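Asker: Quick one: sequence and predicted model below, then my questions.
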Amino acid sequence: MTAIRVYDPSMCCNTGVCGADVDQRLVDFAADVRWAQDRGADVERMNLAQQPTAFAENPKVRAFLEEHGEGGLPLILVDGEAAISGRYPDRAELAHLAGIPAPEEVSGSPQAGDGCCGPARDTGCC
Amino acid sequence: MRFLDDAPRYLFFTGKGGVGKTSIACASAIRLAEAGRRVLLVSTDPASNVDQVFGVSIGNRVTPVADVPGLSALEIDPQAAAEAYRDKIVGPVKGVLPDTVVAGIEEQLSGACTTEIAAFDEFTELLTGSDLVKGFDHVVFDTAPTGHTIRLLQLPGAWSGFLEKGQGDASCLGPLAGLEKQKERYRAAVDALASPDATRLVLVARAQSGSLDEVARTHDELAEIGLQRQYLVVNGRMPEAETRGDDLARGILERERAALEAMAPVLQALPRDDIELKPFNLVGLDRLRQLFGTPESATAAVPGDDMAGEDTAQLEAPSLSELVDDIATDGKGLVMLMGKGGVGKTTLAAAVAVSLARRGFPVHLTTSDPAAHLSETLSDEVENLTVSRIDPTVETERYREQVLQSKGKDMNEEDRALLEEDLRSPCTEEIAVFQAFSRVIREAGRKFVVMDTAPTGHTLLLLDATGAYHREIVRQMGDTGTHYTTPMMQLQDPQRTKMLLVTLAETTPVLEARDLQEDLRRAGIEPWAWVVNNSIAAAGAASGLLRDRARAERPQIRAVAEEHAARYAVVPLLRDEPVGAERLLALTEITASQATA
């Protein structure tokens, strides 16, 4: 079984509702992870503010933080190898990474151009 | 004292800082112990000198008070508890992860929620009949958990998600996962709190509308949870006898009566005790015993001799008008008044705005004053002044709706309930209001913008750390690569933003303002000035009682001037409610005729 480990930035919660603006991508990702887990995928999320030791114990994650800082997160490891950084995958991509059947329809919302991967290209996000 | 009749096992006193919770809790504990009960007093007040009061060193362990048979005391420091939690989480990664990353984690764990939950964790043992409280008939707390905390812990989602698996979405419960008590413990503690047979809540207020509104909110919140048996104590009432021949004392009494008549019906219906203003500081057993006594006997037994050596000459202190002179030299900019609830931020913001407008500058006053009675008529009355209002309830509701709509759809019942509760945290309101204010902030490049609220340093750091504002602004400006300033950068620049910390000349409010200042400094913001509001020393009074209170203010004003503030001003307590431009302007001056105390 493919192990997907998601290293989230410090968030008061996985949905980031305490931010100035709710990030729809985070909201959707929380739902996508639940969806994938329900289908047997091995996905775990680590929040920097709550489980920092999980970040410190993994040399790849530690090296990533030294280079990119917290601003570079999230970092997603698939079977221990960096697969995605600076953005969250959508449901179809997550399913592909986890090796489970793709969703019948594409989840909730944002396509490129919306949310995190929108106009903020030069901010280190995406 | 009605609130002590047939007292149940647990007594909680709640109310804003400075209303006298700790003194009343101490006096209650003494009263119960002297009636033959075995009593444990639990203080969480950082300003409490329970040590001093009882003449023994107490600290974080149950300590018998030798002078009062049957009484023991325990001090809990929620800040220290929160810090211990932070160290536990962050300690192992210090020096392993980059310093900036570690600093970011620490900030996440430095909010009011963390302290609140850490305090609750300390309470659980006391509320669940552990060995610690065995043998005590009563446990008296000088504070109470908020409705938000209790509601969170009552939700099934809190248990099945966060606390059992150690992960989940419950933001405000973070610290509990770290503290790792069994969930049965927490549940039993919540049950004890919500049980009317075991627990009595005593709301403590001053006879002022702001203070009474606050306890009315607390009443509703905690009654909803099941804490139905509540009592009201109105502390610090002006004794009728003091008002003969003293206009100021008479004015205060009249304002108190009006506030009590206008208080919420739910408060009117509660059993109530009034405690009169005392001429002395409540330090020492004898004085605490007299707190519940009649004013005559108290005054006779202990005259106001604490400050006998203090000078009684006129208060020499800068007026608010002098601060406004300094602010005016910039010709434009943002002025934010910050402080705990009930210190008079809205009134002082209006006074600063009117004072600037009268000097001929265009001014936009924006307030979150729920009553709006103060600012309503000002813009017609004063040239150059525009007034706008942000309703925190409306803004918070809008924000909540936005979040619930966008994400509630994919959630199951339990998770949704948890999210709804998270959105009732104080942080949510602060963020929603600040978002609304930030629309107005931009005007400060052209004119003066005066606000009666400001975000805490903690909130600013969180907003900045997540980069949400950064992204938001880039989005609004279109991706043109233009140089821009985030609100945080604007607030850090003293040329653009002046932060005024408002406090009262009393121990707890001064300590609370100091904490706010420390919090802002963490975010790289240096408060520009402190303003001491409602000063009797600056008002002048004939009544003996008020003169004693005026003398008691002086060490506090000195502490502000010499230890805390870069610059400061003192605002006199007025005989009449400061409504309308002329009375607001009167706040900005300390006249010789006023300050004759």
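Answerer: Right, received. Where do you want to start?

Asker: how many neighbours does residue A:57 have?
Answerer: Under the neighbour criterion other CB atoms under 10 Å in any protein chain shown, residue A:57 is assigned a count of 13. From N, CA and C alone the C-beta is placed, and that goes for glycine too.

Asker: just the one 10 residues further on next, same as before
Answerer: Here the neighbour count serves as a burial measure; for residue A:67 (other CB under 10 Å) it reads 9.

Asker: Let's see the helix or strand that contains it as CSV, backbone CA atoms only.
Answerer: In this structure, residue A:67 sits in helix A:59-68 according to DSSP states H and E. Presented in CSV, the C-alpha positions along helix A:59-68 are these (Å, rounded to 0.1, in the frame of the first residue of the first chain):
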residue,chain,number,x,y,z
PRO,A,59,15.6,14.0,7.2
LYS,A,60,13.9,14.8,3.9
VAL,A,61,11.4,17.0,5.5
ARG,A,62,14.0,18.6,7.7
ALA,A,63,16.2,19.4,4.7
PHE,A,64,13.1,20.8,2.8
LEU,A,65,12.4,23.2,5.7
GLU,A,66,16.0,24.3,5.9
GLU,A,67,15.8,25.2,2.2
HIS,A,68,12.3,26.6,1.8
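
Asker: so residue B:494, which of the three states?
Answerer: Using DSSP: H, G, I helix; E, B strand; the rest coil, the three-state assignment for residue B:494 comes out as coil.

Asker: Per-residue pLDDT of it, please?
Answerer: The predicted local distance difference test score for residue B:494 is 86.

Asker: so who does the residue nearest to it when sequence neighbours are not counted touch?
Answerer: Leaving aside its sequence neighbours, residue B:494 sits nearest to residue B:528 (CB to CB, 6 or more residues apart in numbering or on different chains; 6.3 Å). Residue B:528 sits next to B:494, B:498, B:499, B:500, B:566, B:567 when contact means CB atoms under 8 Å, 6 or more residues apart in numbering or on different chains.

Asker: From these, list just the buried residues.
Answerer: Buried members of those, counted by 16 or more other CB atoms under 10 Å in any protein chain shown: B:498, B:499, B:500.

Asker: after the host helix or strand of the first one comes which helix or strand?
Answerer: The one in question is residue B:498. Counting by DSSP H and E, the secondary-structure element that holds residue B:498 is strand B:497-504. With elements assigned by DSSP H and E, the helix or strand that comes after strand B:497-504 is helix B:507-522.

Asker: Tell me if I'm right that residue B:434 and residue B:455 touch.
Answerer: Yes: counting by CB atoms under 8 Å, a contact exists between residue B:434 and residue B:455, whose distance comes to 4.5 Å.

Asker: could you say what helices and strands the helix or strand containing residue B:191 packs with?
Answerer: Counting by DSSP H and E, the element that carries residue B:191 is helix B:183-194. Of the remaining helices and strands, those touching helix B:183-194 by 3 or more CB pairs under 8 Å, 6 or more residues apart in numbering or on different chains; DSSP states H and E are helix B:112-127, helix B:147-154.

Asker: The shortest one - contacts with which helices or strands?
Answerer: The reference is to helix B:147-154. Counting by 3+ CB pairs under 8 Å, 6+ apart, the packing neighbours recorded for helix B:147-154 are helix B:112-127, helix B:183-194, helix B:209-225, helix B:413-422.

Asker: and of these, who's closest to residue A:3?
Answerer: For residue A:3, the closest of those is helix B:413-422, at 24.4 Å, according to CB to CB.

Asker: per-residue confidence averaged over the closest one?
Answerer: Helix B:413-422 comes out with an average pLDDT of 75.

Asker: Tell me the buried residues in the next helix-or-strand element following it?
Answerer: The first helix or strand that comes after helix B:413-422 along the chain, using DSSP H and E, is helix B:426-441. When neighbours are counted by 16+ other CB under 10 Å, the buried residues of helix B:426-441 are found to be B:426-438, B:440-441.

Asker: same thing with stretch B:396-403?
Answerer: B:396, B:399, B:400, B:403.

Asker: Return the residues in contact with the most centrally placed residue in chain A.
Answerer: To find the centre residue of chain A, average its C-alpha atoms and take the closest one (CA atoms, centre = their mean): that gives residue A:88, at 4.1 Å. By CB under 8 Å, 6+ apart, the contact set of residue A:88 is A:25, A:26, A:28, A:29, A:74, A:76, A:116.

Asker: I'd like to know which elements the helix or strand where the first one lies is packed against.
Answerer: What that stands for is residue A:25. Secondary-structure assignment from DSSP H and E places residue A:25 in helix A:24-38. Helix A:24-38 sits against strand A:42-47, helix A:91-98, helix B:392-408, with contacts defined as 3+ CB pairs under 8 Å, 6+ apart.

Asker: Make TSV out of those and add mean pLDDT.
Answerer: As requested, the helices and strands packed on helix A:24-38 are exported to TSV (pLDDT from 0 to 100):
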stretch	mean pLDDT
strand A:42-47	88
helix A:91-98	93
helix B:392-408	80
